[in-house]
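Enquirer: need a 3D model of the following:
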Amino acid sequence: MNSLMEMYVLHLEATSIHYENDIPMPDNLDHWRPMVRHFAQHCNRFRADCWPRDAAALAMFQPYVETQSPPGASPVVVVGRLAPDLLEMILSDPFDADGAVKWFTLLLAIDDTIVMSSAHNGAEIFCGEVSDEELAWIQSILPQHVRLSTWSKEEMAQLPGDQPATDQRLDAACVSSEILEAVGAAFIEALVEILSPAGEAAPAD
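Expert: As a prediction, the model looks like this:
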């Protein structure tokens, strides 16, 4: 990649929503599938989060899971290897009956560097490094009522307050599957409580 190429931090937000059981759901996510396919092409790891009521949506990930949240955690978090066949399964059936992405959060990463984050059931997308060419392509596929915001790396450095965590650990709030098999759930829950004083993991954004 040309080191002199201007790169941007990108944030997309669906501004047209409807409500299902008092939960806001985006109306149009036509851009979601092509963006996942594009940004996943060099990725080798994933993280998927769901609330316990939606945990069945994580079943497709299980053969590829390397770490996961402990029993009883909320949200339920799985992290693992993004194999080509798993990516095709994600792309073939990503939406629920309401038209929202099945997973509250889906992170795509190269090793532990997050490349793309789909949050709030697809209503928001964050990409930490987007080129001019990619930006033009994204603009060409966006449906109406999706707000696009970009910042240069220099602008990001000058923003006050919280900024998107491009270096966020992919396996935050997770425990390896080997540990889960080797020790009791009570010990794991106590360990997570020590490591996370809140006692509950927050969904990744």
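Enquirer: can you list the weak-confidence ranges in the chain?
Expert: 1-4, 22-23, 159-205 (pLDDT under 70).
Enquirer: same thing but at 90, please
Expert: 1-8, 15-28, 71-72, 97-99, 112-113, 128, 151-205 (pLDDT under 90).
Enquirer: need the strands for the chain, in chain order.
Expert: 7-14, 17-20, 23-26, 45-50, 65-68, 76-81, 105-110, 113-119, 124-131, 146-152, 175-176 (DSSP state E).
Enquirer: for the third one, output the C-alpha coordinates as CSV.
Expert: Same thing as strand 23-26. C-alpha atoms of strand 23-26 as CSV (Å, rounded to 0.1, in the frame of the first residue of the first chain):
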residue,chain,number,x,y,z
ILE,A,23,-35.5,-1.8,19.9
PRO,A,24,-34.4,0.5,17.0
MET,A,25,-33.8,-1.4,13.8
PRO,A,26,-32.3,0.1,10.5
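Enquirer: and it, what's buried?
Expert: Using 16 or more other CB atoms under 10 Å as the test for burial, strand 23-26 gives 25, 26. (C-beta placed from N, C-alpha, C; glycine too.)
Enquirer: and it, what does it pack against?
Expert: strand 17-20 (3 or more CB pairs under 8 Å, 6 or more residues apart in numbering; DSSP states H and E).
Enquirer: as CSV, the strands of the chain with distance to residue 38 would be great.
Expert: Formatted as CSV, the strands of the chain follow (distance: least, CB to CB, whole Å):
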stretch, distance to residue 38
strand 7-14, 12
strand 17-20, 24
strand 23-26, 19
strand 45-50, 15
strand 65-68, 24
strand 76-81, 20
strand 105-110, 10
strand 113-119, 9
strand 124-131, 10
strand 146-152, 15
strand 175-176, 31
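Enquirer: most tightly packed of those?
Expert: Stretch with highest mean neighbour count among the strands of the chain: strand 45-50 (a mean of 24; mean count of other CB atoms under 10 Å).
Enquirer: ok, for residue 124, nearest residue in space, not its chain neighbours?
Expert: Counting by CB to CB, 6 or more residues apart in numbering, residue 124 lies nearest to residue 13, which is 5.1 Å off, once chain neighbours are set aside.
Enquirer: ok, now residue 118?
Expert: residue 106 (4.4 Å).
Enquirer: contacting residues around that neighbour?
Expert: By CB atoms under 8 Å, 6 or more residues apart in numbering, residue 106 lies in contact with 36, 46, 47, 48, 49, 90, 117, 118.
Enquirer: ok, residue 125 next?
Expert: Here residue 125 is in contact with 10, 11, 12, 31, 32, 35, 116, 117, 118, 119 (CB under 8 Å, 6+ apart).
Enquirer: ok, of those residues, which one's closest to residue 61?
Expert: residue 118 (14.2 Å; CB to CB).
Enquirer: who's the closest one bridged to?
Expert: residue 106, residue 125 (DSSP bridges).
Enquirer: test my guess that it contacts residue 124.
Expert: Yes: using CB atoms under 8 Å, residue 118 makes contact with residue 124 at a distance of 7.4 Å.
Enquirer: mind putting the contacts of residue 125 into CSV with distance to residue 129?
Expert: Formatted as CSV, these follow (distance: CB to CB, whole Å):
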residue, distance to residue 129
10, 9
11, 13
12, 15
31, 18
32, 19
35, 14
116, 10
117, 12
118, 16
119, 17
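Enquirer: with that, I have no additional questions.
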